[in-house]
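Colleague: Predicted coordinates and the sequence they were generated for:
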Amino acid sequence: MFSGALIGILGVIALIFIYFGLKFLGNKSWVMGWIRGSFGLCFIGASVVVIFVALDLLSYKQLMADKTIVTLHMEKVGEQHYKVNLTHVLEGVDESFELRGDQWQMDARVLRWGGLLKSVGTKPSYRLDRISGRYFSLEDERRSDRTVYELNHSEYWLDTWAWIYKNNELVPGVDATYGSATFLPMADGALYEVVLTSSGLAAKPLNKLAEQAINRWQ
């Protein structure tokens, strides 16, 4: 789960905004009523945004280097067509996807913290983003069916990572990046693991079938 300290800070900020918002709205002075009411609504609105940011960040997990986060087992169901059984190791949850192509890749969203947050021990955080298939042939890539599956999504109207990613220069102390595992070949019976590293995701073969598939493509 995301850093409890950061969530706590956001919670305190939201409470401060709510306090000042209610204070402004509760003042009955007619002369400054409209101005105070406007400021009060602004504070209430800001508190709502902060709360949604905190809730969205709860979907991210702290990045623990060199820890296996998922395993993938592949079954061939047709030509360039595979069923991928995905196991989330930390949660003990299984999912199944059908990928088309010759290779697969997994992407994750990563948030890296600097400044005060880094100094108090806040670690980089991640959330798995999507898994996709790719054809080795450029012609197949252009003409054949593409398969991409979203692994997680923001449950609220505010996508914090996407906003930071587009406006990195406006948000000091935090950097939003993609982490991707290198495209690796799909093969019947192949078993892979995806590991978190300091630089992002890395995929590794877990059985001989996966190793043989990699050797064939190299």
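Modeller: Structure's in. What do you need?
Colleague: from here on, contacts and neighbour counts on C-alpha atoms
Modeller: Noted.
Colleague: For the nearest residue to Leu151 once chain neighbours are set aside, which residues are in contact?
Modeller: With CA to CA, 6 or more residues apart in numbering as the criterion, Leu151 has its nearest non-adjacent residue at 4.8 Å, and that residue is Arg130. By CA atoms under 8 Å, 6 or more residues apart in numbering, the contact list for Arg130 reads Met106, Asp107, Ala108, Val148, Tyr149, Glu150, Leu151, Asn152.
Colleague: again, only this time at 7 Å
Modeller: Met106, Asp107, Ala108, Val148, Tyr149, Glu150, Leu151 (CA atoms under 7 Å, 6 or more residues apart in numbering).
Colleague: can you tell me which of the residues you listed are in strands?
Modeller: Among the contacts of Arg130, the members found in strands (DSSP state E) are Met106, Asp107, Ala108, Val148, Tyr149, Glu150.
Colleague: Let me know the next secondary structure element after the helix or strand of the chain at the bottom of the mean pLDDT ranking.
Modeller: In the chain, no helix or strand scores lower on mean pLDDT, DSSP states H and E than helix 115-119, which sits at a mean of 69. Using DSSP states H and E, the helix or strand that follows helix 115-119 in sequence is strand 125-134.
Colleague: Mean confidence (pLDDT) on the helix or strand just after that next one, please.
Modeller: Scanning forward in sequence from strand 125-134 by DSSP H and E, the next helix or strand is helix 138-143. What helix 138-143 shows for mean pLDDT is 87.
Colleague: circling back: which of the contacts of Arg130 are buried?
Modeller: Met106, Asp107, Ala108, Val148 (16 or more other CA atoms under 10 Å).
Colleague: which among those residues gets closest to Ala181?
Modeller: Met106 (5.5 Å; CA to CA).
Colleague: per-residue pLDDT, the closest one?
Modeller: 91.
Colleague: Please convert the ones in strands among the contacts of Arg130 to JSON lines, extending it with distance to Leu209.
Modeller: What follows is the ones in strands among the contacts of Arg130, written out as JSON lines (distance: CA to CA, whole Å):
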{"residue": "Met106", "distance to Leu209": "19"}
{"residue": "Asp107", "distance to Leu209": "23"}
{"residue": "Ala108", "distance to Leu209": "26"}
{"residue": "Val148", "distance to Leu209": "24"}
{"residue": "Tyr149", "distance to Leu209": "24"}
{"residue": "Glu150", "distance to Leu209": "27"}
